[in-house]
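Colleague: Take a look and give me a structure for this.
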Amino acid sequence: MSQLETDLRRAEQRRCAAMLANDAVALEALLDERLCFSHATGQVDDKATYLAKISAGRIVYLSIDWSEERVIELAPGAALHAGRMVSKVTVENVEKRLDNRVLAAWVLEGDAWRLAAFQSTPLKA
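Modeller: Numbering: from 1, shown residues only. Purely as a prediction, here's the structure:
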C-alpha cells in the first residue's frame with residue numbers, strides 16, 4: 001500500500017469515527033471549506049449545512065462499513081477515495097440502511113487531508 005493510500009484511508013477512518021461519535025468539532029477539522037456533500041437522495045450540503053445537521057442530530061450515523069476501496073491520485077495533494085459504503089443512519093428520526101457506491105475527493109492542506117466533495121449513489125436492493 002502506498003503512503004498516499006495509507007494517509008487517505010486514515011483520514012477517512014477519522015472522518016467515519018467523528019461521524020459515528022456525532023462529533024461535529026472533530027468532523028469540522030476534516031472537511032474542506034469548499035465541501036460539496038451530495039447525499040444518496042440527491043440533496044446537497046455545503047460544510048456549514050452538513051455540520052449543522054450533524055450538530056442538531058438530524059443525521060446520526062450508527063454504523064459505516066467500507067469495501068471495494070480504491071485510492072486514485074489525481075495530482076500532488078489531490079486524490080479520490082472510491083468504493084462501496086454500507087451504513088446504518090438515522091435521518092430526521094427515521095432509521096435507514098444505505099448501500100452506496102461512494103466517490104470522495106480529498107485535498108491536502110499543509111499536512112492534513114480534508115474532504116472536499118462526497119457523492120453517493122444508491123445500489124439497487
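Colleague: report the longest helix in this structure, please.
Modeller: helix 3-20 (DSSP state H).
Colleague: hmm, who's touching that one?
Modeller: For helix 3-20, the external contacting residues (Cβ atoms under 8 Å, 6 or more residues apart in numbering) are 23-24, 26-27, 30, 54, 61-64, 66, 69, 71, 73, 79, 81, 104, 106, 112-115. In this view, the C-beta of every residue, glycine as well, is placed from N, C-alpha and C.
Colleague: Can you give the contact residues for the helix or strand just after that helix?
Modeller: Counting by DSSP states H and E, the element after helix 3-20 in chain order, helix or strand, is helix 24-30. If you take Cβ under 8 Å, 6+ apart as the criterion, helix 24-30 is touched by 11, 14-15, 17-19, 47, 51, 54-55, 112-115.
Colleague: just to revisit the earlier point, any of the contacts of helix 3-20 buried? List them.
Modeller: Buried members of these, counted by 16 or more other Cβ atoms under 10 Å: 24, 27, 30, 54, 61, 64, 66, 71, 79, 81, 104, 106, 113-115.
Colleague: Give me the neighbour count for the closest residue to residue 59 other than its chain neighbours.
Modeller: Among residues not flanking residue 59 along the chain, residue 53 sits closest, at 4.7 Å (Cβ to Cβ, 6 or more residues apart in numbering). By the criterion of other Cβ atoms under 10 Å, residue 53 has 19 neighbours.
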